[in-house]
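> One predicted model, sequence on top.
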Amino acid sequence: MESGGRLQSLLEEFEKLRERLEVLERENRILREENALLKRGLFGRGTERIDPSQLALYETGQAAIPEPAAPAEAAPRKDKRGHGRAPFAADLPREVIELDLSEDERSCQHCGKGLRRIGEEITERGHIVPARVVVRRYVRPKYACPDGHAVKTAALPDGVIDGGKYEASVYAHVVASKYSNHLPLHRLEGMLKRRGVHLPKQTMWDMLSRVDELVAQPVLAQMRRELLAEPVLHSDETPVTVCLEDGKGSRTGYAWNWRSLRGRGPPKALVEFRTSRSRDGPLAFLGDWSGTLIIDAYSGFDKVVARNDIVRAGCWAHARRKLKDALDTGSTSAAWVLAPVQRLFALERAMTQRAERKGWSFEELVELRRAVRARRSRDLVAVIHDRAFQLASQRSTLPKSALGKALRYLERQREPLATFLDDPRLPIHNNDSERDLRHVAVGRKNWVVFASPRGGEVACRLYSLVLSCRQSGVDPEAYIEAVLGAISTTPASQIATLTPWGWAARTPATR
């Protein structure tokens, strides 16, 4: 009896150790995946695209589905001559330098007769004239009445501020340098100093504040009104570090991006600064707006979606990214689900490329999407969720692993991810909004922090102007300089003409 009890005790202890080993193995696997993801983020490629032939290597033994064919169309003929050297744009100014033979060289070296001009050879080389600062000296003659009744001089052109030292072009250059070219103010100060101009960093900040007050605030109010008139919006956010005004450390703020649907009218984008990522941001910005919102799975949108009866459209790029992370950490089963996701994206690219080649309108692209998505995309989405369910049901799929998280994302976002099937206006991803915020992220690597919450508000409003200028094909520097001169004489009823897309429509020469 004693030996039997001891054996039972050993068996129980062995079972506990075995269970503990399984727990440690699961934890070790998850830690290895997290380590692989961190290493990929530091040293790996940023692209999420995968060659379909690579995914086929992982599908051995799994049920495969046929690759969907792209919409039928004759393949364009390839130019076998090569791309060659691109010419300079025709509207660039030309400086003509004529290189002629000397008098002694204009005779034939064989017979001695004079050479006749039969044509010319033209070679173009690019040349950059470094930026220079010009001081405009306004000379205004004075005229006086002989009897001493009056003295008159011509009026000075309006300045950005009364008695100001700099023209509007300098204000525009500072804005474009910081928010379009991502130059921190101290670096711009050094560049100007090398050209003989002492423009302190604090003075440049005052200039940015002035442009924000005169241009950004009134124009962005109109931009927001027009943006909220759109039936479909994208949104996303990115963190930024903000220094506290009392000098006691820093906190995390957020730049929220809101933009219109690509292809449906002029592109509209707006960036708003918030000190938190809470639901108050979407609630305050959207107000009573109702339509379709293309967003990720962030729960901060839940309140406004429910309150305003908004249709929520999911982002397949987020789903693909999570599956790609799982594949990169060694979960080869992820390829089984990732393959039809990649085919979904390939189908969308084929439709977009076809519309671009044929010069179709947005409405014609919508009709193509309606037909192709009903015939092919719907089946692909069903295959994706079926495969995800099968993988999630396997005991080897750990819920906390990268694969488990990716499959859980697909399940929880099932309804938003299917919205595009019934609304062909919608893209299948939120990449347009992410690209807008990538512009802010590139700048963040240079200026690192917002010096204050007020600085964050000014920066995001000026980022809004710059982003919308870029999307409308307008030079941000030329636009801000022109609008600084026009804002004071433009009635409130015509403020729409000063938005970047309104300006682009009115002055196509600025493109």
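Cool, got the structure. None of the values given here were measured: they were computed from a predicted structure.
> Where does residue 253 sit: helix, strand or coil?
strand (DSSP: H, G, I helix; E, B strand; the rest coil).
> What count of nearby residues applies to it?
By other C-beta atoms under 10 Å, 23 other residues sit near residue 253. No exception for glycine: its C-beta is placed from N, CA and C like everyone else's.
> residues contacting it?
For residue 253, the contacting residues are 239, 240, 241, 242, 273, 274, 275, 276, 450, 453, 456, by C-beta atoms under 8 Å, 6 or more residues apart in numbering.
> That one bridge partners, please.
Beta bridges link residue 253 to residue 240, judged by DSSP bridges.
> Tell me the confidence at it?
We have a pLDDT of 94 for residue 253.
> From residue 487, how far off is it?
28 Å (C-beta to C-beta, to the nearest Å).
> Wait, residue 305 touches residue 313, no?
No - contact criterion C-beta atoms under 8 Å: residue 305 and residue 313 do not qualify, at 10.6 Å.
> Overlap in contacts, the two.
residue 293.
> which of those two has more neighbours?
residue 313 (25 against 18).
> who's in contact with the spatially closest residue to that one that is not a sequence neighbour?
Computed as C-beta to C-beta, 6 or more residues apart in numbering, the closest residue to residue 313 that is not its neighbour in sequence is residue 419, at 4.1 Å. Neighbouring residues of residue 419 by C-beta under 8 Å, 6+ apart: 292, 311, 312, 313, 314, 426.
> Out of the contacts of residue 253, which comes closest to residue 381?
Residue 381 has its nearest neighbour among these in residue 239, at 31.6 Å by C-beta to C-beta.
> where's residue 394 relative to residue 388, distance?
The gap separating residue 394 from residue 388 is 11 Å, by C-beta to C-beta.
> Revised request: answer the last question for residue 421.
Per C-beta to C-beta, residue 421 is found 17 Å from residue 388.
> Could you check which of the two has the larger neighbour count?
Legend: neighbour count by other C-beta under 10 Å for residue 421 and residue 388, higher for residue 388 (25 against 17).
> Where in the protein is the helix or strand with the lowest mean pLDDT?
Ranking every helix and strand in the chain by mean pLDDT, DSSP states H and E puts helix 52-58 at the bottom, with a mean of 59.
> ok, then the element right after it?
Moving toward the C-terminus from helix 52-58, the next helix or strand (DSSP states H and E) is strand 143-144.
> Tell me the strands beside that following strand, with direction?
Using DSSP bridges, the strands paired with strand 143-144 are strand 151-152 (antiparallel).
> any chance you could map the strands in this protein?
For the chain, applying DSSP state E gives strands covering 143-144, 151-152, 232-243, 250-260, 269-274, 292-294, 311-313, 449-450.
> which residues are in contact with the last one?
By C-beta under 8 Å, 6+ apart, the list of residues contacting strand 449-450 from outside reads 240, 241, 242, 243, 250, 253, 273, 456, 459.
> any idea which of these is closest to residue 382?
For the contacts of strand 449-450, the residue nearest residue 382 by C-beta to C-beta is residue 240; the value is 40.2 Å.
> Could you give the number of residues near that closest one?
22.
> tell me the domain ranges of this protein?
What automatic domain parsing lists as the domains of the chain is 208-314+430-510, 315-429.
> can you redo those as JSON lines with distance to residue 12?
Shown next, in JSON lines, are these (distance: least, C-beta to C-beta, whole Å):
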{"stretch": "domain 208-314+430-510", "distance to residue 12": "43"}
{"stretch": "domain 315-429", "distance to residue 12": "23"}
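> ok, residue 243 - how many residues close by?
By other C-beta under 10 Å, 18 other residues sit near residue 243.
> same thing with residue 489?
Using other C-beta under 10 Å, the number of residues around residue 489 comes to 8.
> Residue 111 too?
Number of residues near residue 111 (other C-beta under 10 Å) recorded here: 6.
> so what pLDDT did it get?
87.
> Roughly how far does it sit from residue 246?
For residue 111, the distance to residue 246 - C-beta to C-beta - is 91 Å.
> Over to residue 282?
Residue 282 is 29 Å from residue 246, where distance means C-beta to C-beta.
> So which residues of the stretch 351-500 of the chain form helices?
For the stretch 351-500 of the chain, the helices defined by DSSP state H, counting those that start in this stretch occupy 362-372, 378-392, 402-412, 414-417, 419-422, 431-447, 453-472, 476-486, 500-506.
> Could I get the contacting residues of the spatially closest residue to residue 414 that is not a sequence neighbour?
For residue 414, ignoring the flanking residues on the chain, the nearest one in space by C-beta to C-beta, 6+ apart is residue 385 at 6.4 Å. Taking C-beta under 8 Å, 6+ apart, we find residue 385 in contact with 410, 411, 414.
> Does residue 107 touch residue 113 like I think?
Yes - with contact defined as C-beta under 8 Å, residue 107 reaches residue 113; the gap is 6.7 Å.
> And these two? Which one has more around it.
Neighbours per residue (other C-beta under 10 Å) separate residue 107 from residue 113, with residue 107 holding more: 13 against 8.
> In the sheet, which residues pair with the more buried one? Tell me.
Going by DSSP bridges, residue 107 forms beta bridges with residue 114.
> circling back: quick one: the strands of the chain as a markdown table, columns for distance to residue 199 too.
Shown next, in a markdown table, are the strands of the chain (distance: least, C-beta to C-beta, whole Å):
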| stretch | distance to residue 199 |
| --- | --- |
| strand 143-144 | 35 |
| strand 151-152 | 34 |
| strand 232-243 | 23 |
| strand 250-260 | 27 |
| strand 269-274 | 25 |
| strand 292-294 | 42 |
| strand 311-313 | 46 |
| strand 449-450 | 21 |
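> How many neighbouring residues does residue 180 have?
Neighbours of residue 180 under the rule other C-beta under 10 Å: 21.
> next one: residue 199
21.
> Just list the residues touching it, thanks.
Applying C-beta under 8 Å, 6+ apart to residue 199 gives the contacts 166, 170, 188, 189, 192, 193.
> quick one, phi psi at it?
With angles defined as degrees, to the nearest 10, residue 199 sits at phi -120, psi 100.
> quick one: low-confidence parts of this protein?
Confidence mapping of the chain against pLDDT under 70 gives the ranges 1-4, 26-27, 29-30, 33-34, 36-84, 508-511.
> Out of the strands of the chain, the one nearest residue 174 is which?
Nearest to residue 174 among those is strand 449-450; the distance by C-beta to C-beta comes to 16.6 Å.
> coming back round to it: could you export the contacts of strand 449-450 as TSV, including distance to residue 145?
As requested, these are exported to TSV (distance: C-beta to C-beta, whole Å):
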residue	distance to residue 145
240	61
241	63
242	59
243	58
250	63
253	61
273	56
456	55
459	52
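> Looking at those residues, which is nearest residue 337?
For the contacts of strand 449-450, the nearest to residue 337 is residue 240 (34.0 Å; C-beta to C-beta).
> thinking the closest one is in contact with residue 444, fair?
Yes - contact criterion C-beta under 8 Å: residue 240 and residue 444 qualify, at 6.1 Å.
> Enumerate every residue touching residue 391.
Contacts of residue 391 (C-beta under 8 Å, 6+ apart): 333, 336, 337, 397, 403, 407.
> Make JSON lines out of those and add neighbour count.
Rendered in JSON lines, the data for the contacts of residue 391 read as follows (neighbours: other C-beta atoms under 10 Å):
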{"residue": "333", "neighbour count": "19"}
{"residue": "336", "neighbour count": "22"}
{"residue": "337", "neighbour count": "28"}
{"residue": "397", "neighbour count": "18"}
{"residue": "403", "neighbour count": "28"}
{"residue": "407", "neighbour count": "29"}
